[in-house]
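J.: Requesting a structural model of the entry that follows:
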Amino acid sequence: MNSSSKRLPLFYIVTAIFWFALYAYVPYVSPYSELLGADLRLIGLIVGAYGFTQMAIRFPLGIISDRLGMRKIFVLSGLFFAALSGFVVFFFPQPYIMLLSRSLGGVAAASWVAFAILGASYYQPGEATKSVGYLNAANAAGRMVAFLAGGLFARWLGVPYAFMLAGVAGIIGLVAGLCITEERQDVKAPPKLAELMGVVRNPRLLCTSFLAVLSQYIMFATAFGFTPLLAYGMGAEPFTLGMLGMASALPGLIVSPLAGTVLPKKIGVRNTIALGFGMATLGCIIIVFCGNVWQLFVVQVLISTGNVLAYTLLMGLSIRDMPSERRATAMGFFQAVYGLGMFLGPFVTGWLGHGFGLHAAMVVTGVVGGLGVVGVIWFVRRGYM
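T.: The predicted model follows:
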């Protein structure tokens, strides 16, 4: 680590607060949208808006970040939009305001590019997967506390107060983020088209980005999309929905550091990613047979563990061989592309659920996970990863 790592604990705390602000209300997005009058198709659009705006913003944000040699300003901007996303629903509870809120949340989440690159700057260049593992652990810690606190607020004060809690957390994170240090890089000339194409044509970046689309499709169709709605239909109370969200975050806290360090050495990178997709696929199939909320908890942990295994390694691999001055560009491309999965997962699931039922939509999600397993094996055999 370099001298900037003296502020590394603060950076991880701000990272955790950032994800707290984005996820304190996530277990209630689909049930609350339904309560406000949205049907499954609109709910799918609401949940998917979070990924759509990321898909549109992340790549240019990465380019601009590389151009300026700055990350911190984008981190602070993300915290501001995370706060705004929570406050608008608290003060204006309407279905289309919920759509606006999730769009603003996507704008905030687009700054994850800057978080990832700033976090990696505290480590040696060859430690990309290690830095991502710890960064994702901070991510998961923030989400776990968010689900617990959001659940308590929803239980004691009502669901709208989970949105208020997110807004307040965003403001706290914004203030704390002012103390983050960064070693600003030299200002770079705008990348030429040929240089950009050289980044986006990188075979490893393309393969990891495609697989990340599948990974995010699964998570946003299930844990961050319609699993809470299934639980709500089974009679789950607001606090239980919060705990269901917490169950989805727990694997990230425990598994992320292992996925970035221990498991690749024990069973190999390919096998770790394939195992992750296999677990997620199995969970999506089992969910069809769940008859009560507690069974959904088990499935939630299974799917989330699989996603953490795959996503952590994919994120680290996407920038491992990139020069430092192009890492944010590569990460921006990677995260913009997997934003497509964040959008398509809930959008397709919502439309399939409206026409054929949510169980049929979950089977399709399981097929997506199976495609991930096949994709990993094929890409490795072709020498792309």
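
J.: Next, work out how far apart Val363 and Ala221 are.
T.: As for Val363, its distance to Ala221 is 11 Å (criterion: Cβ to Cβ, to the nearest Å). Heads up, the C-betas are built off the backbone N, CA and C, glycines and all.

J.: who has more neighbours, the two?
T.: Set Val363 next to Ala221 and count neighbours by other Cβ atoms under 10 Å: Ala221 wins out with 34 against 16.

J.: Now the more buried one. Nearest residue, chain neighbours left out?
T.: Leaving aside its chain neighbours, Ala221 sits nearest to Gly345 (3.8 Å; criterion: Cβ to Cβ, 6 or more residues apart in numbering).

J.: can you pull the pLDDT of the one you found?
T.: We have a pLDDT of 94 for Gly345.

J.: And stretch 197-214, what's buried?
T.: Across stretch 197-214, burial judged by 16 or more other Cβ atoms under 10 Å covers 199-200, 202, 204-214.

J.: Kindly report the same for stretch 22-41.
T.: Under 16+ other Cβ under 10 Å, the buried positions of stretch 22-41 are 22-34, 36, 38, 40.

J.: low-scoring pLDDT stretches of the stretch 151-300 of the chain, where are they?
T.: Scanning the stretch 151-300 of the chain with the threshold set as pLDDT under 70 gives 184-193, 195, 260.

J.: where along it do the strands fall?
T.: Secondary structure of the stretch 151-300 of the chain (DSSP state E, counting those that start in this stretch): no strands present.

J.: And the helices in it?
T.: Using DSSP state H, counting those that start in this stretch, the helices of the stretch 151-300 of the chain run over 160-177, 193-200, 203-221, 227-233, 238-260, 262-267, 269-286, 293-319.

J.: ok, and for the fifth one, which residues are buried?
T.: Right, the one you point to is helix 238-260. Buried residues in helix 238-260, counted by 16+ other Cβ under 10 Å: 238-253, 255-260.

J.: Now stretch 372-385: average pLDDT?
T.: For stretch 372-385, the mean pLDDT works out to 86.

J.: For Gly150, give its distance to Ile97.
T.: Taking Cβ to Cβ, one finds Gly150 at 18 Å from Ile97.

J.: more neighbours, those two?
T.: Shown here are Gly150 and Ile97; by other Cβ under 10 Å, Gly150 has more neighbours (32 against 16).

J.: got the contact list for that one?
T.: Applying Cβ atoms under 8 Å, 6 or more residues apart in numbering to Gly150 gives the contacts Tyr23, Ala24, Tyr25, Val26, Pro27, Tyr28, Ala162, Leu165, Ala166, Gly242, Gly245.

J.: could those residues be laid out in JSON lines, adding distance to Ala154?
T.: Below are the contacts of Gly150 laid out as JSON lines (distance: Cβ to Cβ, whole Å):
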{"residue": "Tyr23", "distance to Ala154": "13"}
{"residue": "Ala24", "distance to Ala154": "9"}
{"residue": "Tyr25", "distance to Ala154": "8"}
{"residue": "Val26", "distance to Ala154": "12"}
{"residue": "Pro27", "distance to Ala154": "8"}
{"residue": "Tyr28", "distance to Ala154": "6"}
{"residue": "Ala162", "distance to Ala154": "5"}
{"residue": "Leu165", "distance to Ala154": "9"}
{"residue": "Ala166", "distance to Ala154": "11"}
{"residue": "Gly242", "distance to Ala154": "6"}
{"residue": "Gly245", "distance to Ala154": "11"}
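
J.: Between those, which sits nearest Arg143?
T.: Arg143 lies nearest to Tyr23 out of the contacts of Gly150, by Cβ to Cβ, at 4.5 Å.

J.: hang on, the closest one packs against Met246?
T.: No - in this structure Tyr23 lies outside contact range of Met246 using Cβ atoms under 8 Å: 10.0 Å.

J.: overlap in contacts of these two?
T.: Phe147.

J.: What about the nearest residue to Gly78 once chain neighbours are set aside? Give its phi and psi, please.
T.: Nearest residue to Gly78, sequence neighbours excluded (Cβ to Cβ, 6+ apart): Ser111, at 2.8 Å. Main-chain torsions, Ser111, degrees, to the nearest 10: phi -70, psi 0.

J.: how near is Ser111 to Ile267?
T.: Distance, Ser111 to Ile267, by Cβ to Cβ: 33 Å.

J.: How about Val200?
T.: Val200 sits 30 Å away from Ile267, going by Cβ to Cβ.

J.: Arg41 now?
T.: 41 Å.

J.: ditto for Gly235
T.: For Gly235, the distance to Ile267 - Cβ to Cβ - is 40 Å.

J.: Give me the more crowded residue out of these two.
T.: Applying other Cβ under 10 Å to Gly235 and Ile267 shows that Ile267 carries more neighbours, namely 12 against 9.

J.: Is it correct that the more buried one is in contact with Gly276?
T.: No - using Cβ under 8 Å, Ile267 makes no contact with Gly276, being 11.3 Å away.

J.: contacting residues for the residue nearest to Leu314 when sequence neighbours are not counted?
T.: Residue nearest to Leu314 in three dimensions, not counting chain neighbours: Thr208, with 4.4 Å by Cβ to Cβ, 6+ apart. With contacts defined as Cβ under 8 Å, 6+ apart, Thr208 is in contact with Leu314, Met315, Leu317, Ser318, Phe334, Met385.

J.: change it to 7 Å
T.: The neighbours of Thr208, taking Cβ atoms under 7 Å, 6 or more residues apart in numbering as the test, are Leu314, Leu317, Ser318, Phe334.

J.: hmm, back to that, need the buried residues of stretch 197-214 in CSV (columns: distance to Ser131).
T.: Shown next, in CSV, are the buried residues of stretch 197-214 (distance: Cβ to Cβ, whole Å):
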residue, distance to Ser131
Val199, 20
Val200, 22
Asn202, 19
Arg204, 17
Leu205, 17
Leu206, 22
Cys207, 21
Thr208, 16
Ser209, 19
Phe210, 23
Leu211, 20
Ala212, 17
Val213, 23
Leu214, 24
